[in-house]
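Trainee: Please find the sequence and the predicted model below.
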Amino acid sequence: MEQQTHKRRVRYKGTHPRTYQEKYKELNPEKYKDTIEHVIQKGNTPAGMHISICVKEILDFLQIRPGQTGLDATLGYGGHSTEMLKCLEGRGHLYALDVDPIEIEKTKRRLAERGFAEDILSIKQMNFANVKELLPESGKFDFVLADLGVSSMQIDNPERGFSYKFDGPLDLRLDPQKGVPASERLREMSRDEIAGMLIENADEPYAEEIAKAISIQQKKKPIRTTTDLREVIEKALTFLPKAEQKEAVKKSSQRSFQALRIDVNSEYEVLESFLESLPDILAPGGRVAILTFHSGEDRLVKKSFQRFYKEGIYEDIAKNVIRPSAEECNRNSRAHSTKMRWAIRK
Ligand SMILES: C[S@@+](CC[C@H](N)C(=O)[O-])C[C@H]1O[C@@H](n2cnc3c(N)ncnc32)[C@H](O)[C@@H]1O
């Protein structure tokens, strides 16, 4: 009798790419425009791309005129910069900053391909906390935008360790050439410090339980990857009723990663320095708009704007936060938590 050899079936990958590396079309948005359109229409952000938020609201407020000098403090994918450059109509200058050495090079090339060369656009790898160092070269600014936090390209790249959803090194640095990765920070911190960080940076309700689970785990086997940390959070929340666990782990993971990101990038400290510098870098009548993504950031912006308004340094400030429209949130799920505030220099 003929013997049948059993052939192992090749795993079906489906028609949609799942891993970051397989999304090569999304990672080349200029080349594969149809794929990009399709992903965006479904309400998702293609990997390797960032969809700018509140563009209309920002441009309506900034009232950019040809010949002006502006600052994009957070260049990212260059979406807002592109729209602000269009308003300049070839006259004036835009300075754009980012701390991320990896994405800044890609964005520089992208904007050069869109026709924005050094005569109208200067891109600098610089932390916006040090923006005053630009003044001798740039002079004061007529308009300033800061769109805080991380870009979609950073979140979606597993190598950067920004998301609990993708396995990768637990890094979370915006500039991987500076400071220490989140995994090392976690090793340096005591249990109390970890709990404090989770509460202060993300209002984590299970901060004590998670901090305890982290310190126990560190003694057994150090936490090195995003998956290691997510699994520790899962373990820490097993005391909750079974039906609630999945959602609680998701929320606590989001908050814990946010808290760590704020910590490793000193995000509150650099935002405070930037807010303190604003009155010195804005020209008379100069306008600034800031987009924030969580309550800690919004509180700092609100307080600084109110203080300088009371002191007569700002002529006017936003009375209430401006939110993206429901339509924009439907189109771009990453817009849900956005708040915009503005101020005008006297
Ligand atoms: C939300 S993205 C900006 C997206 C951009 N507005 C666009 O339309 O493509 C935020 C960017 O700010 C950068 N960033 C965050 N903190 C920074 C800081 N302190 N100084 C300079 N850049 C910073 C991040 O690296 C990221 O690229």
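Mentor: It's in.
Trainee: got the phi/psi numbers for residue 54?
Mentor: phi 50, psi 40 (degrees, to the nearest 10).
Trainee: How about the contacts made by it?
Mentor: 291, 322, 324, 328, 335, 338, 340 (CB atoms under 8 Å, 6 or more residues apart in numbering). (C-beta placed from N, C-alpha, C; glycine too.)
Trainee: next one: residue 276
Mentor: Residue 276 makes contact with residue 304 under the criterion CB under 8 Å, 6+ apart.
Trainee: Run through this protein and note the low-pLDDT ranges.
Mentor: Flagging of the chain using pLDDT under 70 yields the residue ranges 1-25, 30.
Trainee: Serialize the contacts of residue 54 to a markdown table and add fields for distance to the ligand, secondary structure and neighbour count.
Mentor: Below are the contacts of residue 54 laid out as a markdown table (distance: CB to the nearest ligand atom, whole Å; DSSP: H, G, I helix; E, B strand; the rest coil; neighbours: other CB atoms under 10 Å):
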| residue | distance to the ligand | secondary structure | neighbour count |
| --- | --- | --- | --- |
| 291 | 7 | strand | 26 |
| 322 | 16 | strand | 17 |
| 324 | 13 | coil | 23 |
| 328 | 13 | helix | 18 |
| 335 | 11 | helix | 21 |
| 338 | 10 | coil | 23 |
| 340 | 12 | strand | 22 |
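Trainee: which residues are contacting the lengthiest helix in the chain?
Mentor: Longest helix in the chain, counting residues (DSSP state H): helix 242-264. Helix 242-264 is contacted from outside by 150, 162-164, 170, 172-173, 179-182, 185-186, 197-198, 200-206, 210, 226, 229-230, 233-234, 236-238, 240, 267-268, 294, 296, using CB under 8 Å, 6+ apart.
Trainee: restrict those to those near the ligand?
Mentor: Filtering the contacts of helix 242-264 for proximity to the ligand (criterion: CB under 6 Å from any ligand atom) leaves residue 150.
Trainee: Sitting in helices, which of the contacts of helix 242-264 do you find?
Mentor: Going by DSSP H, the helices hold 182, 185-186, 197-198, 200-202, 210, 226, 229-230, 233-234, 236, 267-268, 296 from those.
Trainee: Please indicate which of those are buried?
Mentor: 182, 185-186, 197-198, 201-202, 210, 226, 229-230, 233-234, 236, 267-268, 296 (16 or more other CB atoms under 10 Å).
Trainee: Geometric centre of the chain: which residue is closest?
Mentor: What sits nearest the mean C-alpha location of the chain, by CA atoms, centre = their mean, is residue 150, with 1.3 Å.
Trainee: roughly how far apart are the closest residue to it other than its chain neighbours and residue 69?
Mentor: The shortest distance from residue 150 to any non-neighbouring residue, by CB to CB, 6 or more residues apart in numbering, is to residue 162 (5.9 Å). Between residue 162 and residue 69 the computed distance is 32 Å (CB to CB, to the nearest Å).
Trainee: What is the neighbour count of residue 246?
Mentor: 12 (other CB atoms under 10 Å).
Trainee: How about the contacts made by whichever residue of the stretch 201-346 of the chain sits closest to the ligand?
Mentor: Going by CB to the nearest ligand atom, the ligand is nearest to residue 270 of the stretch 201-346 of the chain, at 4.3 Å. Contacts for residue 270 (CB under 8 Å, 6+ apart) come out as 127, 128, 129.
Trainee: Point out the ones among those that are inside helices.
Mentor: Those of the contacts of residue 270 lying in helices (DSSP H): none at all.
Trainee: Out of those, give me the one that has the most neighbours.
Mentor: Busiest of these [other CB under 10 Å] is residue 128, holding 22 neighbours.
Trainee: So that residue is in contact with residue 147, correct?
Mentor: No: applying CB atoms under 8 Å, one finds residue 128 not in contact with residue 147, separated by 10.8 Å.
Trainee: ok, the closest residue to the ligand within the stretch 151-300 of the chain - contacts?
Mentor: Going by CB to the nearest ligand atom, the ligand is nearest to residue 151 of the stretch 151-300 of the chain, at 3.9 Å. The contact partners of residue 151, taken as CB under 8 Å, 6+ apart, are 50, 76, 77, 100, 103.
Trainee: And the residues you listed, which is closest to the ligand?
Mentor: residue 76 (2.5 Å).
Trainee: residues contacting the closest one?
Mentor: Taking CB under 8 Å, 6+ apart as the test, what residue 76 contacts is 50, 98, 103, 107, 147, 151, 153.
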